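# prediction below, plus the sequence it came from.
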Amino acid sequence: MANKTSNNDYTAEQITVLEGLEPVRKRPGMYIGGTGAEGLHHLVWEVVDNAIDEALAGYATEVTVTLLTDGGIRVVDNGRGIPTDIHPKTGKSTVETVLTVLHAGGKFGGGGYKVSGGLHGVGISVVNALSSNLIIRVTRDGKIFEQSYSVGAPTSKLKIVGDSDQTGTDITFYPDASIFKETTSFSYDTILDRLRHAAYLTKGIRTTLINEANQLKYSFYFEGGIQSYVKHLNIGKDVVDEDIFYVDKAIEEAQVEIALQYTEAFTETIKTFANNVLNPDGGTHLTGFRAALTRVVNDYARKQGLLKEKEENLSGEDTREGLTAIVLVKLPDPQFEGQTKNKLGNPEVRGYVESVLSEYLNYYLEEHPAIARKIVGKALLAARARKAARAARDNIIRKGILDGASMPGKLADCSSKDPKNSELFLVEGDSAGGSAKSGRDSKTQAILPLRGKVLNVERARLDKMLANNEILSLIKALGVGIEESFDIKGLRYGRVVIMTDADVDGAHISTLLMTFFFRFMRPIIDENHLYLAKPPLYELVRQGRKESVYAYSDDELNEILDRESKVRKTSDKVPNEGKDERFRQAGFVELKRYKGLGEMDAEQLFDTTMDPEKRVLIKVRIEDAEKADAIFNKLMGTEVELRKSFIQSRAKFVKDLDV
Ligand code: 0RA
């Protein structure tokens, strides 16, 4: 590998190092999952997880990540510091060994659990190999040590650069742009999310993220660990009781930690972690958790006579309605399954979690009879609703209401019957619906006007939803059925486009619709059929009313004014047509700010928002189902005031959500 190092003594030793790390540079995907944004962030997780390990081992209390203005990232912890003495196996300092030998990132036989599992946990030598530059400072044994690297090879010796009575590790690295061709810039929000999780899961640790460019700084510290996490997830929901069940117990060679609380919502949120890594697809800990919960709640209900002898057992689903839980296991050798390694596989863990939860939840219910009654009462209601929903659905199916033959009266269908060339616009309000109908290309574009706030789908049960005409029309028009009868193959339109006003109400309605798709028709999102239309925010009217120019954002408005007036004045403020000299120079006579789709006539609506040749569509993706779910929950929770303020503060964000 012909790579430059800053000094000329390109020694045999360096060549060995490079050869050792060469597989990483040849096939980075094998080590960090890919070279896109996700892979890039794996570098950060690798270093951060090592720092968190120091906290888990009881040494570090602080982990601080700084995004540097020069494109680098710095991770500092106050753990023990990587040892600087000569490592017996390599004959080099342990620091250098950890940074240059693959899979040498472990704690060298030190006991305890390692955070790292799944894709990462590959060792910080991988980070080093994929960084154009890396600088490490270790504070330990009264001294500060420093060493620099380039693409994995040392460019200096480990030097003492100062004295200190502290300890810790301080790593700054610059991702190699020749590896990360797509992007080398880190996402503040992504890292923030990760650091928030880390603080929740590791009692007593403070995590901090700083953006050097704007000095934005966030710190997380949660005294209560996963209990705080449950509390956070339940913000904005009515809780069955303030008290949060908690257990932390060692069993065999593992540690099981669980926190849970019931809410009056209908959704269930169970997050499972193995060694602090989220397992989005669950696994054996989740199976054990569910089994124990179902059994304990049923046993309690029977024993208390809340469930009569002839009544059938509560289903697992019934016992989990409204539940928020964190299940965290720590074990020496986590095994992950599935293509994405998102699922914990260790079979013994099922029994560990089941036995810990059974024992302690049982105690808890015995000791908190008022809470226990409420939990059982909720589950009984869920069972009843489940039966009612089934009856409603059977009724609808029996009556053929969802059958393809009859289309809803409000649907202005397109003439094409080929889904590939057909799109369905879901339009806010009857008046915009009318414009869309007259302006559309009726061959390929169908219009379904939806009145008002569709329905709060988060709170509505399926039986209520199926009684709502707007929702029934939507399901019918789509042709996919619902729940057990859902079949994406029936989808009558290749694109489903949500078209709402660019205001708070519009954002709310599109969020409601996204919630509906998210909860009941997820494949439509997963298979890239759902879009948001983007109507213009401004019309710039020209002298003599010649063809107008439309701007879809404030930035774009500024750009247009710059371009057309040939005066450069880009600012982040919304231009004021009275005061802004660019406006007249460019020959505009009026700036119209669109508040709603209804302000455009049919032709304008088609031209600006629907015309496949010119329009902007935003694809709705569930990049981060967790985030989407949390936002949907916040938006749709039971506390109206919180919901309102959240929507107002995030109206813009909601539009950009998972896009
Ligand atoms: C090897 C051995 C020990 C600690 C570490 C590595 C270590 C690595 C990183 C990476 C970021 N922060 C870190 N902190 C520590 C054990 C040290 C000992 O036994 O004294």
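That came through fine. Numbers count the residues shown, from 1 in each chain.
# going by C-alpha atoms from here, please, whenever you check contacts or count neighbours.
OK.
# so in the chain, where's the weakest helix or strand by average pLDDT?
helix 640-656 (a mean of 39; mean pLDDT, DSSP states H and E).
# which residues of the chain lie near the ligand?
Residues of the chain lying near the ligand by Cα under 6 Å from any ligand atom: 47, 50, 51, 54, 79, 80, 81, 82, 83, 107, 169.
# most neighbours, which of those?
residue 51 (29 neighbours; other Cα atoms under 10 Å).
# grab the nearest non-local neighbour of that one.
Excluding the flanking residues, the one nearest residue 51 by Cα to Cα, 6 or more residues apart in numbering is residue 77, at 5.9 Å.
# quick one: low-confidence ranges for this protein?
Across the chain, the ranges flagged by pLDDT under 70 are 1-19, 103-122, 339-341, 401, 403-405, 452-462, 545, 568-575, 577-578, 623-659.
# is the residue lying closest to residue 204 once chain neighbours are set aside in a helix, a strand, or coil?
Of all residues not flanking residue 204 in the chain, residue 223 sits nearest, at 6.1 Å (Cα to Cα, 6+ apart). With DSSP: H, G, I helix; E, B strand; the rest coil as the basis, residue 223 sits in coil.
# angles on the backbone of residue 223, please.
Main-chain dihedrals, residue 223, degrees, to the nearest 10: phi -50, psi -40.
# just residue 146 next, same as before
The phi and psi values for residue 146, taken as degrees, to the nearest 10, are phi -140, psi 140.
# is it true that it touches residue 135?
Yes - taking contacts as Cα atoms under 8 Å, residue 146 lies within contact range of residue 135: 7.2 Å.
# narrow the residues of the chain next to the ligand to those in strands?
residue 169 (DSSP state E).
# can you pick out the most distant pair from the residues of the chain next to the ligand?
Within those, two members stand farthest from each other by Cα to Cα: 47 and 83, at 15.8 Å.
# so which helix or strand takes in residue 590?
For residue 590, the enclosing helix or strand under DSSP states H and E is strand 588-593.
# residues contacting that strand, please?
537, 538, 539, 540, 541, 542, 543, 577, 583 (Cα atoms under 8 Å, 6 or more residues apart in numbering).
# ok, then the element right after that strand?
Under the assignment DSSP H and E, the closest C-terminal helix or strand after strand 588-593 is helix 602-605.
# what comes up buried for that next one?
For helix 602-605, burial by neighbour count (16 or more other Cα atoms under 10 Å) applies to 602, 604, 605.
# among the residues of the chain next to the ligand, which are in helices?
Residues of these located in helices (DSSP state H): 47, 50, 51, 54.
# wait, what's in contact with the closest residue to residue 436 other than its chain neighbours?
Once flanking residues are discounted, residue 436 sits nearest to residue 602: 6.0 Å by Cα to Cα, 6+ apart. For residue 602, the contact set (Cα under 8 Å, 6+ apart) comprises 435, 436, 437, 438, 439, 440.
# tally of neighbours for the nearest residue to the third one once chain neighbours are set aside?
Excluding its sequence neighbours, the residue lying closest to residue 437 (Cα to Cα, 6+ apart) is residue 447, at 6.2 Å. Under the neighbour criterion other Cα under 10 Å, residue 447 is assigned a count of 24.
# equivalent analysis for residue 377, please.
That count, for residue 377 with other Cα under 10 Å as the rule, works out to 16.
# distance of it relative to residue 228?
Separation of residue 377 from residue 228 (Cα to Cα, to the nearest Å): 26 Å.
# check residue 346 too.
Where residue 228 is concerned, residue 346 sits at a distance of 27 Å (Cα to Cα).
# of these two, who's got more company?
residue 228 (19 against 16).
# what about the closest residue in space to residue 260 that isn't next to it in sequence, how many residues close to it?
Excluding its sequence neighbours, the residue lying closest to residue 260 (Cα to Cα, 6+ apart) is residue 325, at 4.2 Å. Neighbour count of residue 325, defined by other Cα under 10 Å: 27.
# ditto for residue 471
If you count neighbours by other Cα under 10 Å, residue 471 ends up with 18.
# for the helix or strand where it lies, what is the distance to the chain centroid?
Using DSSP H and E, residue 471 sits within helix 469-478. Chain-centre distance of helix 469-478: 29 Å, with Cα atoms, centre = their mean, to the nearest Å.
# equivalent analysis for stretch 291-302, please.
On Cα atoms, centre = their mean, the centre of stretch 291-302 falls 32 Å from the chain's centre.
# now do it: everything it contacts.
For stretch 291-302, contacts defined as Cα under 8 Å, 6+ apart pick out 307-309, 313-316, 319, 354-355, 357-358, 361-362, 365, 376.
# name the residues of it that are buried.
Quick answer for stretch 291-302 (16+ other Cα under 10 Å): 291, 292, 293, 294, 295, 296, 297, 298, 300, 301.
# which of those residues fall in helices?
Those of the buried residues of stretch 291-302 lying in helices (DSSP H): 291, 292, 293, 294, 295, 296, 297, 298, 300, 301.
# re earlier: now, of the contacts of stretch 291-302, which are buried?
Members of the contacts of stretch 291-302 classed as buried by 16+ other Cα under 10 Å are 307, 313-316, 319, 354-355, 357-358, 361-362, 365, 376.
# distance of the nearest residue to residue 372 once chain neighbours are set aside from the ligand?
Distances taken as Cα to Cα, 6+ apart put residue 365 closest to residue 372, at 5.1 Å, once the chain neighbours are dropped. With distances taken as Cα to the nearest ligand atom, to the nearest Å, residue 365 is found 42 Å from the ligand.
# residue 209 now?
Distance from residue 209 to the ligand, by Cα to the nearest ligand atom: 16 Å.
# residue contacts, the residue nearest to residue 372?
With Cα under 8 Å, 6+ apart, residue 365 has these contacts: 300, 371, 372.
# go again with 10 Å.
Counting by Cα atoms under 10 Å, 6 or more residues apart in numbering, residue 365 touches 245, 296, 297, 300, 371, 372, 373, 375.
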